[in-house]
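Asker: sequence plus predicted model, see below.
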Amino acid sequence: GQQVMQIPQYQHVQEGEDFTTYCNSSTTLSNIQWYKQRPGGHPVFLIQLVKSGEVKKQKRLTFQFGEAKKNSSLHITATQTTDVGTYFCAAMNSGYSTLTFGKGTMLLVSP
Amino acid sequence: NAGVTQTPKFRVLKTGQSMTLLCAQDMNHEYMYWYRQDPGMGLRLIHYSVGEGTTAKGEVPDGYNVSRLKKQNFLLGLESAAPSQTSVYFCATQRGSSYEQYFGPGTRLTVT
């Protein structure tokens, strides 16, 4: 089945520093979704990217979908302690009914 | 609206015991999913359903069974629990194809 590799597995930053997580696939993706899971919580949908080269912004978060639709990234500018959690990318499988999740990047932000 | 609810929130089972996890949704979504989450493994799909009365296997279906007799409910059964099934189980729903998923709060299951 489809696989998505996510790096890094873990990152610890000081508040105010930037953060980026990357999601890579060996195959072309139809679309990609990003989720955030706070410690002890459940995954919450952030965004979906569909078009080649697409860039979307949500306040301090910038999401990109690669030109070849084989990779994606999430960048957070000037992290805050509220950004703590695990960020997952998820690729839509053919048939558009299931997702394959990356293993996630855990972000820790120190004040 | 409650969204997606899961029952129970916590459970401890002994090896060989059986149990059923219930997922209920009030969003009228067609698709429902069961995932398990283990440390460092992300979310892995166990079974899913694209409509009432239909189910399909996901990535890790062995040892689990499911039923979707009503649109709003999706049940996950463990017939003979094993320690390897110790995990956090999440239910999720999706309005239709190509949409985002909404997750329940999770069930933490420990099998001793």
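Answerer: Structure received.
Asker: tell me where the model's unsure across the chain.
Answerer: Just so you know, I chose chain A. A:1 (pLDDT under 70).
Asker: quick one: the strands in chain A, in order.
Answerer: A:5-7, A:10-14, A:19-24, A:32-37, A:43-49, A:55-58, A:61-65, A:71-76, A:85-92, A:99-101, A:105-110 (DSSP state E).
Asker: can I get those strands in a markdown table with mean neighbour count and distance to chain B?
Answerer: From N, CA and C alone the C-beta is placed, and that goes for glycine too. Formatted as a markdown table, those follow (neighbours: other Cβ atoms under 10 Å in any protein chain shown; distance: least, Cβ to the nearest Cβ, whole Å):
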| stretch | mean neighbour count | distance to chain B |
| --- | --- | --- |
| strand A:5-7 | 16 | 8 |
| strand A:10-14 | 13 | 10 |
| strand A:19-24 | 20 | 11 |
| strand A:32-37 | 23 | 6 |
| strand A:43-49 | 19 | 4 |
| strand A:55-58 | 12 | 14 |
| strand A:61-65 | 19 | 13 |
| strand A:71-76 | 20 | 15 |
| strand A:85-92 | 24 | 6 |
| strand A:99-101 | 24 | 4 |
| strand A:105-110 | 18 | 10 |
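Asker: can I get these in CSV with distance to B:L69?
Answerer: Formatted as CSV, those follow (distance: least, Cβ to Cβ, whole Å):
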stretch, distance to B:L69
strand A:5-7, 36
strand A:10-14, 42
strand A:19-24, 36
strand A:32-37, 29
strand A:43-49, 26
strand A:55-58, 39
strand A:61-65, 38
strand A:71-76, 38
strand A:85-92, 27
strand A:99-101, 24
strand A:105-110, 38
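Asker: for residue 8, grab phi and psi.
Answerer: In the absence of a named chain, chain A is used. Note on A:P8: backbone dihedrals following degrees, to the nearest 10 are phi -80, psi 170.
Asker: gap between it and chain B?
Answerer: Distance, A:P8 to chain B, using Cβ to the nearest Cβ, to the nearest Å: 13 Å.
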